[in-house]
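Engineer: with the sequence up front, the predicted model follows.
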Amino acid sequence: MATQKMSIAKALNESLRKALETDPKVLVMGEDVGKLGGVFRITDGLQKDFGEGRVIDTPLAESGIVGTAIGLALRGYRPVVEIQFDGFVFPAYDQIVTQLAKMHARALGKVKMPVVVRIPYGGGIGAVEHHSESPEALFAHVAGLKVVSPSNANDAYWMMQQAVQSDDPVIFFEPKRRYWDKGELDTEAIPGPLHKAAVAREGSDLTLAAYGPMVKVCMEAAAAAQEEGKSLEVLDLRSMSPIDFDAVQASVEKTGRLVVVHEAPVFYGSGAEIAARITERCFYHLEAPVLRVGGYHAPYPPARLEDEYLPGLDRVLDAVDRSLAY
Amino acid sequence: MATQKMSIAKALNESLRKALETDPKVLVMGEDVGKLGGVFRITDGLQKDFGEGRVIDTPLAESGIVGTAIGLALRGYRPVVEIQFDGFVFPAYDQIVTQLAKMHARALGKVKMPVVVRIPYGGGIGAVEHHSESPEALFAHVAGLKVVSPSNANDAYWMMQQAVQSDDPVIFFEPKRRYWDKGELDTEAIPGPLHKAAVAREGSDLTLAAYGPMVKVCMEAAAAAQEEGKSLEVLDLRSMSPIDFDAVQASVEKTGRLVVVHEAPVFYGSGAEIAARITERCFYHLEAPVLRVGGYHAPYPPARLEDEYLPGLDRVLDAVDRSLAY
Amino acid sequence: MTVESTAARKPRRSSKRTSAAKTPQSSEPQLVQLLTPEGERVTHPDYEIDLSADDLRGLYRDMVLTRRFDAEATALQRQGELGLWASLLGQEAAQIGSGRALRDDDYVFPTYREHGVAWCRGVDPTNLLGMFRGVNHGGWDPNTNNFHLYTIVIGSQTLHATGYAMGVAKDGADSAVIAYFGDGASSQGDVAEAFTFSAVYNAPVVFFCQNNQWAISEPTEKQTRVPLYQRAQGFGFPGVRVDGNDVLACLAVTRSALERARRGEGPTLVEAFTYRMGAHTTSDDPTKYRADEERVAWEAKDPILRLRTYMEKQDLADAAYFTALEEESETLGKRVREAVRAMPDPDPLAIFDHTYADGNPLVDEERAQFAAYQASFAEEGN
Amino acid sequence: MTVESTAARKPRRSSKRTSAAKTPQSSEPQLVQLLTPEGERVTHPDYEIDLSADDLRGLYRDMVLTRRFDAEATALQRQGELGLWASLLGQEAAQIGSGRALRDDDYVFPTYREHGVAWCRGVDPTNLLGMFRGVNHGGWDPNTNNFHLYTIVIGSQTLHATGYAMGVAKDGADSAVIAYFGDGASSQGDVAEAFTFSAVYNAPVVFFCQNNQWAISEPTEKQTRVPLYQRAQGFGFPGVRVDGNDVLACLAVTRSALERARRGEGPTLVEAFTYRMGAHTTSDDPTKYRADEERVAWEAKDPILRLRTYMEKQDLADAAYFTALEEESETLGKRVREAVRAMPDPDPLAIFDHTYADGNPLVDEERAQFAAYQASFAEEGN
Ligand SMILES: Cc1ncc(C[n+]2csc(CCOP(=O)(O)OP(=O)(O)O)c2C)c(N)n1
Ligand SMILES: Cc1ncc(C[n+]2csc(CCOP(=O)(O)OP(=O)(O)O)c2C)c(N)n1
Ligand SMILES: [Mg+2]
Ligand SMILES: [Mg+2]
């Protein structure tokens, strides 16, 4: 086994490198992805090694980036585009929703759309407005897109490999405040399907379901709860579209309780979809309503308030207590 | 009482006329809203009577339409902009989500954003692609926006009046296949708050919650169920953001059962939010899980399939039966 | 054009205008023209074209058959066989001229109105009708004829064309790409971004704007105050206005732009100055917003008529040719009519098809539920 | 500039290029300049300006204090008092020149870097720091100084400015509006749409593009292959390039454009050719992508230095003036430092404030829950 300790950022960089090496049709595109290596250095060194024809600094126009990526995909390329921050994906939203997501179906399957849209997302880095948002629900609602987010270095590497190989467009949300978190990467492991959830920690009293940056918070919550004698299972969903409802159902059938945790606002967020469907699937198993912990129905606040805004250990444990109180 | 029988289209036209008459700061803007009166004739005759300075044909650019409306609002105007069809709002999505929704909060309340974005939405008119979608969840998830949809002429008139008077941006979804449905309009009634749900029909066995075009289907379903001896309550939600959860809760506490119906895809749709929150609020009242009837996780199909795709009487009744079977 | 109260502002005083910040001229520029409305062959210093009688008969045939097909589709819509039709009436020269300038390996990104270009590409016209009948969203394989699906979201295809052209360049191929769009579309941000990307990457793409004077009810003045072909210059590539009702000029100008692209000199904007003779679509009622005199005036510039006049004057075709073409038209009309009527409604389960290439468990689940639900009626029906 | 394999395409053969479809010239155009880098006063046939010694000292003071404020903010970021800072170092002349051309009733739509313009508008510099410290998203009332909030989503404010200007015209006022944006922003579709709308409605708006040669790590060649000021022409209004490090020229050119707007002649694009002397923001590391020689070369064109040279040569200010200004700078720095350090963190409940003007039951519910949750810790703490 070839495991290495590596940050999520580095794992993504390695995965992109591997993709560029393996398939000459793979391209990396975006603002500042070239010499700078992206503002988070995820594409560091790639232009140097693969040239300006494969790692492309684009004009500052997100609709143009995704729109030309669609054209390149139609020509047989597999573009991996970077959106610099979550809040800047919206100029590209039209191209993503009306074109990228629907082209394969529109063409009755005659064309494929192997485009990956990388988006560093979420808060916790003390940034100014538009740099801390979690817009995943706005993509997951749209058929034709896959929406995923890794929570650790191994997944970052492998999920990116799978995203690049996918013949469907993948919105790849990168948990930016976890970029520098290190984990074991096994570059020889054979990964499971992209949309499958993983049991990050086993438990019996309650299930915490999360993805991306919130998995770590849930793991910490589970550890803290353990000390109080509560056994929490942590599910790393990995994919927000599709959602591995079978895995959630299996866990809830065991624990009888579910708390969904995400940074995005609760209102119309992914927790709603999970709560609705799991309640339908597990109506007689649930000892308590599915509870949701997430952002508020307010713009992402200024950085000095983000610690209060973001779901942290205490808010997760508070929901756990409320659930267990039923 | 001054009631008149009038179509939804006409009621909207009258309401816009009234708004233009009452407040010189009200503007109507959009593609083809002038001489043509809009492709659905909602603005018919307005340019003739109020001039090109108040009823403005814009260049074909939705981001430009909403972006300039924001600027006009900053100058003290109250623009009501028309997006020609649901599927064409996405070029304006960035301006709506990052600017329109957030400007008031960004300015710590110092500026207001009284902009109405009118969007004819939903299917059932046999149209080509992009002309039949129901993207309301993509707006309701975003804090700062109000998202509403009338289901009848009286609401169309009054909710538009309230939307124009709102100091917050309102995404006003018009149920296009109901434009020609007639109802009683009472131009002297004093309407309740914009976000309050209405009980469209009282019942005791199960609650159907819907809005916009689906209210009619639910009323028909309730009538059909009545013949089978089932008493269904129909709630017309009217507002998708905020949602009048108190009204839904009150109804569910009475009936014990809830089916939410909308045209939009079920996955991450408004039904998910309603199901999640009502299950939390009414955990011990619910005899069955909240069921959802809506669109599928697929692009809106070609017109010849829309009757199969759209939730109709039978699919609603099927969900009713499934709920009652618990 | 201007908002009402603009007129109430101070009158212009032009004296203060400086030479460095001149308002660009908005007087109507010369069109590139090779065949006048009266059917006279004229020359242009920059664009010449040498066509045989066969070539000319071919172009004429293309235009006639395209118009016939279009008329048939309009009729089929009236008969309820199609839900909608977007007629190209009046734009045959722009479409056939540009379409015939293309090589097989070139790639086309159309709007929803390029029936004449589709014809040139060899797309079976009945395929175009599926989306207007409502049985699909685009019935053909784009790669069979290098003709992409119709795009309805205005302007978005110009970026796809640019990206495709970037790919062509990457491949070292000398194909070119052509993106069609309208005068209204010129206002969309996507089109400007396509100009920027294509210029920066020097992509081999031709932007072919059919300025048919109208975007539904809005005249071109609502989109621009100077001629559209001038838009290109500020992005760093040439623009040219061609008589869009002159099939020879459209062919010559497009060919030249395509060759420029092949030579690695980057994009060109071609503005084909033409006219939408009919309604925007069968749902539209132009009497609401435009005077019929305008249409009548443009009838005198009809693209088919002028080529016919020229051919007759030059004796390039005899009566037998025209009769045969008449018959061919009728046959085409009949074939299209029959094909459309025979077009089956799709299987309801097709709702779920092709949402994903790789498959998707949610779609599978919904499909299964839907199938079971549908089947429950069949059972009840028994 | 071009993607790699573009270079591998066929070599250019320019002979076939036609006159009608000429590639626009991309040679560097003349800048409007009134003060050379060496501090020589020169004239320009189209732009003249008559400034008193007081005026010049005022402009110099503005630039010096702006630079001082900017340096203080950079230092405060290093000290951890700010989360981020976007320095305007090098762009003082562009901002002060244009900012001082404005009348009180004009309205400004800035990006996130217009600290010098804010200064001219009378916005208290400490107000600008709130968003960079992370205590708000914009701490001032835009209507107090007719200076809109900083806008981060690139290009979007150009449409707000255009809409605002449409409103000014509707009101029959003769105010003007100015929209700031960068070279990178010129690629955004929104900016093109702002050009289209402003031209069509003849809106009294000046588009002021500070071409500081870089959009983070990308040089201007990644955004355009011709000078940016030329972009305007194809939209039907004039563009002009001004030496962005020459405060006099910036003042003269902007004033002329604003007057044009007031006269009802519509928009103008001003490209201020300048240089971002520092990093993009304090998060950026320019050594990754640009050679230091470039920066050094631009130092010779420093906007403050050249005005000082001129003032000294012309004896427009004495040592006392410079000493006093030095002291004023220090006082400003101290005041800003102290004000920032004293800036309190917002009340956590402020998360919910101003989400809606009309109130919202969901926000109320969440606020109440949040307050109760917060209070539960206080109780526990007891
Ligand atoms: C983004 C978008 N907005 C609005 C529409 C509705 N719409 C369809 S065609 C059209 C006018 C297009 O005018 P033009 O570009 O001149 O093309 P033409 O129809 O004249 O060929 C409009 C507004 C659309 N399809 N897409
Ligand atoms: C829509 C959008 N995309 C990306 C970004 C990230 N970003 C911030 S500044 C910047 C570069 C801007 O360059 P330019 O317009 O030249 O302005 P400058 O920073 O040089 O003043 C980028 C890409 C953004 N803020 N908004
Ligand atoms: Mg047109
Ligand atoms: Mg710049």
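Structural biologist: Alright, I've got the coordinates. Ligands and ions are numbered 1, 2, ... in the order given.
Engineer: name the SS class of the nearest residue to residue C:110 once chain neighbours are set aside, please.
Structural biologist: Sequence neighbours aside, residue C:180 is the residue nearest to residue C:110 in space, at 5.0 Å (criterion: CB to CB, 6 or more residues apart in numbering or on different chains). (Glycine included, C-beta is placed from N, CA and C.) Assigned by DSSP: H, G, I helix; E, B strand; the rest coil, the conformation of residue C:180 is strand.
Engineer: need the pLDDT of residue C:180.
Structural biologist: You'll see residue C:180 listed with a pLDDT of 99.
Engineer: who are the neighbours in contact with whatever residue of the stretch 101-250 of chain A ends up closest to chain B?
Structural biologist: Residue of the stretch 101-250 of chain A nearest chain B, by CB to the nearest CB: residue A:141 (3.7 Å). By CB atoms under 8 Å, 6 or more residues apart in numbering or on different chains, residue A:141 lies in contact with B:137-138, B:264-265, B:267-269.
Engineer: pull the most distant pair out of these.
Structural biologist: B:138 and B:267 (12.5 Å; CB to CB).
Engineer: residue C:377: neighbour count?
Structural biologist: Number of residues near residue C:377 (other CB atoms under 10 Å in any protein chain shown) recorded here: 11.
Engineer: Provide the secondary structure category for the closest residue to chain D within chain A.
Structural biologist: Nearest residue of chain A to chain D (CB to the nearest CB) works out as residue A:53 at 2.3 Å. Recorded secondary structure, residue A:53: coil (three-state DSSP).
Engineer: state the pLDDT value of it.
Structural biologist: The model reports residue A:53 with a pLDDT of 97.
Engineer: distance of it from residue A:28?
Structural biologist: Distance, residue A:53 to residue A:28, using CB to CB, to the nearest Å: 11 Å.
Engineer: what do you get for residue A:161?
Structural biologist: Here the distance between residue A:161 and residue A:28 works out to 14 Å (CB to CB).
Engineer: ok, the two, which is more surrounded?
Structural biologist: For residue A:161 versus residue A:28, the count of surrounding residues by other CB under 10 Å is larger for residue A:28: 27 against 19.
Engineer: now check the helix or strand containing the more buried one, is it near ligand 2?
Structural biologist: In this structure, residue A:28 is located in strand A:26-30 according to DSSP states H and E. No: Strand A:26-30 stays clear of ligand 2 (CB under 6 Å from any ligand atom), getting no nearer than 9.6 Å.
Engineer: now the phi/psi pair for residue C:144, please.
Structural biologist: Dihedral angles of residue C:144 (phi, psi; degrees, to the nearest 10) stand at phi -60, psi -40.
Engineer: for it, give me its contacts.
Structural biologist: residue C:123.
Engineer: so where do the strands sit in the stretch 51-200 of chain A?
Structural biologist: A:55-57, A:78-82, A:116-121, A:146-148, A:170-175, A:182-186, A:198-201 (DSSP state E, counting those that start in this stretch).
Engineer: next, format those as a markdown table and append distance to residue D:287 and mean neighbour count.
Structural biologist: Output for the strands of the stretch 51-200 of chain A, formatted as a markdown table (distance: least, CB to CB, whole Å; neighbours: other CB atoms under 10 Å in any protein chain shown):
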| stretch | distance to residue D:287 | mean neighbour count |
| --- | --- | --- |
| strand A:55-57 | 17 | 26 |
| strand A:78-82 | 21 | 26 |
| strand A:116-121 | 22 | 27 |
| strand A:146-148 | 34 | 27 |
| strand A:170-175 | 25 | 27 |
| strand A:182-186 | 26 | 18 |
| strand A:198-201 | 40 | 17 |
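Engineer: if we ignore the residues flanking it in sequence, what's nearest residue 68?
Structural biologist: All of this refers to chain A. Take residue A:68 and drop its neighbours on the chain: the residue closest to it by CB to CB, 6+ apart is residue C:163, 3.3 Å away.
Engineer: that's the wrong chain, I wanted chain C
Structural biologist: In this structure, residue C:68 finds its nearest non-sequential neighbour in residue C:329, 4.0 Å apart by CB to CB, 6+ apart.
Engineer: would you confirm that that neighbour contacts residue C:65?
Structural biologist: Yes: using CB atoms under 8 Å, residue C:329 is in contact with residue C:65, at 6.0 Å.
Engineer: poorly predicted segments of chain C, please.
Structural biologist: C:1-29, C:379-382 (pLDDT under 70).
Engineer: could you pull up the contacting residues of the residue most central in space within it?
Structural biologist: Nearest to the mean C-alpha position of chain C, counting by CA atoms, centre = their mean, stands residue C:114 at 3.8 Å. Residue C:114 is in contact with C:88, C:95, C:99, C:108, C:150, C:180, counting by CB under 8 Å, 6+ apart.
Engineer: smallest distance to ligand 1 belongs to which residue of the stretch 151-300 of chain A?
Structural biologist: residue A:169 (20.0 Å; CB to the nearest ligand atom).
Engineer: show the pLDDT at that residue.
Structural biologist: On the pLDDT scale, residue A:169 is placed at 98.
Engineer: before we move on, what about residue A:190?
Structural biologist: You'll see residue A:190 listed with a pLDDT of 87.
Engineer: once you drop chain neighbours, what's closest to the residue in chain A that ligand 1 sits nearest to?
Structural biologist: Of chain A, the residue with the smallest distance to ligand 1, taken as CB to the nearest ligand atom, is residue A:94 at 7.5 Å. Leaving aside its sequence neighbours, residue A:94 sits nearest to residue B:90 (CB to CB, 6+ apart; 3.6 Å).
Engineer: give me the contacts around whatever helix or strand residue A:49 lives in.
Structural biologist: Secondary structure assignment for residue A:49, by DSSP H and E: helix A:46-50. Residues from elsewhere that reach helix A:46-50, judged by CB under 8 Å, 6+ apart: A:13, A:16-17, A:20, A:28, A:33-35, A:37, A:54-55, A:57.
Engineer: in it, what counts as buried?
Structural biologist: Neighbour counts over helix A:46-50 (16 or more other CB atoms under 10 Å in any protein chain shown) mark A:46-47, A:50 as buried.
Engineer: now that helix: average pLDDT?
Structural biologist: The predicted model assigns helix A:46-50 a mean pLDDT of 98.
Engineer: export it to CSV, keeping only CA atoms.
Structural biologist: What follows is helix A:46-50, C-alpha atoms only, in CSV (Å, rounded to 0.1, in the frame of the first residue of the first chain):
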residue,chain,number,x,y,z
LEU,A,46,0.8,22.5,-13.5
GLN,A,47,1.2,25.1,-16.1
LYS,A,48,5.0,24.9,-15.8
ASP,A,49,4.9,21.1,-16.5
PHE,A,50,2.0,20.8,-18.9
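Engineer: near chain D at all, the strand or helix carrying residue C:252?
Structural biologist: If you go by DSSP H and E, residue C:252 is part of helix C:247-262. Yes: for helix C:247-262, a contact with chain D is found by CB under 8 Å from any CB of the partner chain, at C:253, C:256-257, C:259-260, C:262.
Engineer: same question for stretch A:98-109.
Structural biologist: No: Stretch A:98-109 stays clear of chain D (CB under 8 Å from any CB), getting no nearer than 14.4 Å.
Engineer: contacts only, for the residue nearest to residue A:69 when sequence neighbours are not counted.
Structural biologist: Sequence neighbours aside, residue A:79 is the residue nearest to residue A:69 in space, at 3.9 Å (criterion: CB to CB, 6+ apart). Taking CB under 8 Å, 6+ apart, we find residue A:79 in contact with A:26-29, A:69, A:72-73, A:115-116.
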